[in-house]
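Asks: With the sequence up front, the predicted model follows.
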Amino acid sequence: MDTAIRCRDLKKTYDGKVEAVRGIDLEISAGECFGLLGPNGAGKTTTIEILEGLLIPTSGDVEILGLTWAGHERELRELLGISLQETRLSEKLTVQETVDLFASFYRHSASTTDVLEELSLTEKADAMVGKLSGGQKQRLAVATALVGNPKILFLDEPTTGLDPQSRRQLWDIIRQFQRKRGTVLLTTHYMDEAERLCDRIAIIDYGKIIASGTPAELISELSGHHVVEFALTGSNGDGDEVWKHLPGVQSVRSDDGLFALRVDEPHETIPALLAAVHDRHAQLAHLTTRQASLEDVFVHLTGRRLRED
Amino acid sequence: MAVPEIDIEPPKTESPTRVNGRWAGYRALLGARMKELWREPEVIFWVFVFPLLLALGLGIAFRNKPADVTPVAVAANSHAQSVIDLLQRSPAKNSIHADVLDEKTAFDRFRLGQYSLVVTSDDTGLHYRYDPARPESVLARSQVDDVLQDSAGRAEALKADATQSSEPGARYIDFLIPGLLGMNLMNSGMWGIGFAVVDMRQRKLLKRFVASPMRRTDFLLALGSSRLVLMIIEVGLLLGFGALAFHMKIEGSLLAILLVAGLGAICFGGVGLLTASRAQKIESVSGLINLVMMPMWIFSGVFFSYERFPQVIQPIIRALPLTALNDVLRAIILQGASLSSQWAPISIMVVWGGVSFFAALKWFRWS
């Protein structure tokens, strides 16, 4: 399979001291949807902007569609569609005028009508950009990236701050682009987005990739990929120690009275858990089990939650 | 090393593609810029309406008034009518308004300033009451005395005549309009380019543009061209207004005026671009723009001649781009000067525009 994006040992240091990216290697195949997942400030935006040719790395090599940025910038720009984090497009232009403007920069562009149709913006074609909702603005930003018929679509935090419906709408658009054999590289700090949308992901923390693979691989690599969550009343909690020794428990996390046990087999752990609760004369206030998620992978790898909010 | 094959054909999709020529981006950028300006009511006001209001206000305040009529009181007695007759017989009768009043009322109203002079005529001759501290009173005394003496048959000792001069071309409004035009070209060049660029930088729109295949030169060209389009409207409006409202006469060629105004617009566009080349925030660039323009508002002879400033700083004043622009505009509009005679101030503008443009390109930040 053709390689769409490749980078080796990418490093970026700002002002000679802040190390935003500390050695990143990526190889993304054509037609793939690849996600860079990580908390805010992990170096995702710096990485994607280096790949987009907007930042020059302190060291390391980048190849996009087999071309390097130095000497091939103009050809590459024709082949890429880019949506930056929070670009505020001109409010006094209409949706159609904005897409037309971006279309005019490409030697070959898609028809504005088709792109608006594809992104469900046809009804808003004559609306001023300033009057659009957050979701519509974000779809417009993606429209300006898609109007050049790109081979690769770069999206930096495409759904941050959007309501669930707008997010799903954008996911559909991204999948649709991918069906037309487009390659997608996106950054996100939403694990559900990465899990549902991306073929492969790389988890980034402090400027380094700490894990990569398909979402399913990453989760199954986690020993104990089920999670049992419970809360108690009538006990002031004996700490994590008690629960760690229940059968099949790999790790224990407690968060504001809510315990989360990562376990291999819930059917072995839960009876023991119920017995232990009974022994301490406590009652269960809450009990659920679920599959482990990328969030659990991230917590396992870093000891921190993905989003500290 | 094998040269990778670049496939610039669009991917095969069901949607038809559009082919855009070399200048499609430039045209679209210019079109978008003009639409944005047109849809911004503040721009219309500051660029087009405000200079006209300023010209109107100042033109009215400093207009050449018709010659004043001197109010004179004549004390009522048997000789009063002969004074009135003498005044009526004079060719200058329209510049003197005389009322016959009893002496006490006449003195009272003189004291209140309603009359500039009280004339009393009796058997001994004419008696004038005037106030040496009031210039119009002093003037009235000599004016009325001359009129009465001449009407009574005084012979001129010397032959003399006088010509009035208040023709268009020498009035304050004639001086003012080219200055306002220059100032307006500076204001809209600095704000139109400087502010717009920083605004787009702050909104990350510049960065978004350079992430596309847009040519950076097209972007700058479109900005410059939008200034030229506005310049033509600005020049037409101000000069048309001067001609219609104040019967201003334009001595030089319109083409020369447009060329100079265009050079001025580009020159200040360059200075504006330099001012905005690195600023990240609207607030910081606003301060910078005002800082750059302030000295020129004061020194460059917009509202009054810069000759009034001390001789020592004249060379500095003349080196300012707005001084050069105002000088050339005045020379062409008021004196009908040719472009070639104005090479010195024109080169000053070219240098300012050129140096700031290339410095701006060197330091410019797209993100």
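Replies: Noted; the coordinates are in hand.
Asks: tell me, how many neighbours does residue 38 end up with?
Replies: I'll assume chain A. Neighbour count for A:G38, taken as other CB atoms under 10 Å in any protein chain shown: 27. Any C-beta I mention is one placed from the backbone N, CA and C, and that applies to glycine too.
Asks: could you do chain B instead?
Replies: For B:W38, the neighbour count with other CB under 10 Å is 11.
Asks: ok, now how distant is the residue nearest to it when sequence neighbours are not counted from B:F195?
Replies: Nearest non-adjacent residue to B:W38, counting by CB to CB, 6 or more residues apart in numbering or on different chains: B:I44, 7.5 Å away. Distance, B:I44 to B:F195, by CB to CB, to the nearest Å: 15 Å.
Asks: Name the SS class of A:A275, please.
Replies: Recorded secondary structure, A:A275: helix (DSSP: H, G, I helix; E, B strand; the rest coil).
Asks: picking up where we left off before, count of neighbours near the residue nearest to B:W38?
Replies: 13.
Asks: Which helix or strand lies directly C-terminal to the helix or strand hosting it?
Replies: Using DSSP states H and E, B:I44 maps to helix B:41-44. Counting by DSSP H and E, the next helix or strand C-terminal to helix B:41-44 is helix B:50-61.
Asks: Could you tell me how far that next one lies from the centre of the chain?
Replies: 9 Å (CA atoms, centre = their mean, to the nearest Å).
Asks: Buried ones in it, by neighbour count?
Replies: For helix B:50-61, burial by neighbour count (16 or more other CB atoms under 10 Å in any protein chain shown) applies to B:51-52, B:54-55, B:58-59.
Asks: could the residues you listed go into a markdown table alongside distance to chain A?
Replies: A markdown table is the format used below for those (distance: CB to the nearest CB, whole Å):
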| residue | distance to chain A |
| --- | --- |
| B:P51 | 23 |
| B:L52 | 24 |
| B:L54 | 26 |
| B:A55 | 29 |
| B:L58 | 33 |
| B:G59 | 34 |
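Asks: I'd like the distance between the closest residue to chain A within the stretch 1-150 of chain B and B:S188.
Replies: Residue of the stretch 1-150 of chain B nearest chain A, by CB to the nearest CB: B:A28 (3.6 Å). Relative to B:S188, B:A28 is positioned 23 Å away (CB to CB).
Asks: How is the chain partitioned into domains?
Replies: I'll assume chain A. What automatic domain parsing lists as the domains of chain A is A:3-219, A:223-291.
Asks: Actually, chain B is the one I wanted.
Replies: According to automatic domain parsing, the ranges for chain B are B:30-62+B:168-363, B:70-151.
Asks: Turn these into CSV, including mean pLDDT.
Replies: Shown next, in CSV, are the domains of chain B (pLDDT from 0 to 100):
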stretch, mean pLDDT
domain B:30-62+B:168-363, 92
domain B:70-151, 88
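Asks: okay, the ones you listed, which one's buried deepest?
Replies: domain B:30-62+B:168-363 (a mean of 19; mean count of other CB atoms under 10 Å in any protein chain shown).
Asks: re the thing from before, list of residues touching the helix holding B:I44?
Replies: By CB atoms under 8 Å, 6 or more residues apart in numbering or on different chains, the surrounding residues in contact with helix B:41-44 are B:37-38.
Asks: What residues sit buried inside stretch A:2-18?
Replies: In stretch A:2-18, counting by 16+ other CB under 10 Å, buried: A:3-7, A:10-12.
Asks: Is there a neighbour count for the closest residue to the residue of the stretch 1-150 of chain B closest to chain A other than its chain neighbours? I'd like the number.
Replies: Take B:A28 and drop its neighbours on the chain: the residue closest to it by CB to CB, 6+ apart is A:S104, 3.6 Å away. By the criterion of other CB under 10 Å, A:S104 has 25 neighbours.
Asks: contacting residues around A:S104?
Replies: B:20, B:24-25, B:27-29.
Asks: Check what pLDDT the nearest residue to A:A127 once chain neighbours are set aside gets.
Replies: Closest residue in space to A:A127, ignoring its immediate chain neighbours: A:V95 at 5.7 Å, by CB to CB, 6+ apart. Looking at A:V95, its pLDDT is 97.
Asks: so how many other residues sit close to A:V95?
Replies: By other CB under 10 Å, the residues close to A:V95 number 27.
Asks: which ones are touching it?
Replies: Contact analysis of A:V95 by CB under 8 Å, 6+ apart lists A:116, A:121, A:124-127, A:129, A:132, A:140, A:143.
Asks: Now a ChimeraX select for only the buried ones of these.
Replies: In ChimeraX, this line selects whichever of the contacts of A:V95 come out buried by 16+ other CB under 10 Å:
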select /A:116,121,124,129,132,140,143
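Asks: which pair in the contacts of A:V95 spans the largest distance?
Replies: A:D126 and A:A143 (14.6 Å; CB to CB).
Asks: And what about residue 71, helix, strand or coil?
Replies: Went with chain A since none was named. Under three-state DSSP, the three-state class of A:G71 is coil.
Asks: my bad, chain B
Replies: Secondary structure, three-state DSSP: B:P71 is strand.
Asks: Give me the buried stretch members for stretch A:153-166, please.
Replies: A:153-160, A:162, A:166.
Asks: ok, now stretch A:205-216?
Replies: Residues A:205, A:207-209, A:211-212, A:215 are the ones in stretch A:205-216 that count as buried (16+ other CB under 10 Å).
Asks: Just put those in a markdown table and tack on secondary structure.
Replies: Output for these, formatted as a markdown table (three-state DSSP):
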| residue | secondary structure |
| --- | --- |
| A:D205 | strand |
| A:G207 | coil |
| A:K208 | strand |
| A:I209 | strand |
| A:A211 | strand |
| A:S212 | strand |
| A:P215 | helix |
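Asks: Show me which of the residues you listed is closest to chain B.
Replies: The closest of the buried residues of stretch A:205-216, once distances to chain B are taken by CB to the nearest CB, is A:G207, at 20.1 Å.
Asks: wait, that closest one sits on A:T13?
Replies: No: judged on CB atoms under 8 Å, A:G207 makes no contact with A:T13 at a distance of 9.6 Å.
Asks: shared neighbours of the two, which are they?
Replies: Common neighbours of A:G207 and A:T13 (CB under 8 Å, 6+ apart) are A:19-20.
Asks: Distance check, the residue of the stretch 51-200 of chain B found nearest chain A against A:L93.
Replies: Closest contact between the stretch 51-200 of chain B and chain A, by CB to the nearest CB, is at B:M200 (8.2 Å). Distance of B:M200 to A:L93, computed by CB to CB: 12 Å.
Asks: So for stretch B:22-30, what gets flagged as buried?
Replies: Under the neighbour-count criterion of 16+ other CB under 10 Å, stretch B:22-30 has B:24-26, B:28-30 buried.
Asks: now the strands for chain A?
Replies: For chain A, the strands defined by DSSP state E cover A:3-14, A:18-29, A:33-37, A:59-64, A:80-83, A:108-110, A:152-156, A:183-188, A:200-205, A:208-213, A:226-233, A:249-255, A:258-263, A:283-291.
Asks: anything in stretch A:62-80 near chain B?
Replies: Yes: applying CB under 8 Å from any CB of the partner chain, one finds stretch A:62-80 touching chain B at A:65-67, A:72, A:74-75, A:77-80.
Asks: would TSV of those with pLDDT be doable?
Replies: Shown next, in TSV, are these (pLDDT from 0 to 100):
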residue	pLDDT
A:L65	95
A:G66	93
A:L67	95
A:H72	94
A:R74	92
A:E75	93
A:R77	96
A:E78	96
A:L79	95
A:L80	96
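Asks: could you flag which of those are buried?
Replies: Among the residues of stretch A:62-80 next to chain B, those scoring as buried are A:65, A:67, A:72, A:75, A:77-80 (criterion: 16+ other CB under 10 Å).
Asks: Assign a three-state SS to B:A155, would you?
Replies: Remark: B:A155 carries the secondary structure label coil [criterion: three-state DSSP].
Asks: Count the residues that sit near it.
Replies: 6.
Asks: biggest helix in the chain by residues?
Replies: As the question left the chain open, I've gone with chain A. helix A:164-179 (DSSP state H).
Asks: Let me rephrase: I mean chain B.
Replies: Across chain B, the longest stretch assigned as helix under DSSP H is helix B:216-246.
Asks: With that, I have no additional questions.
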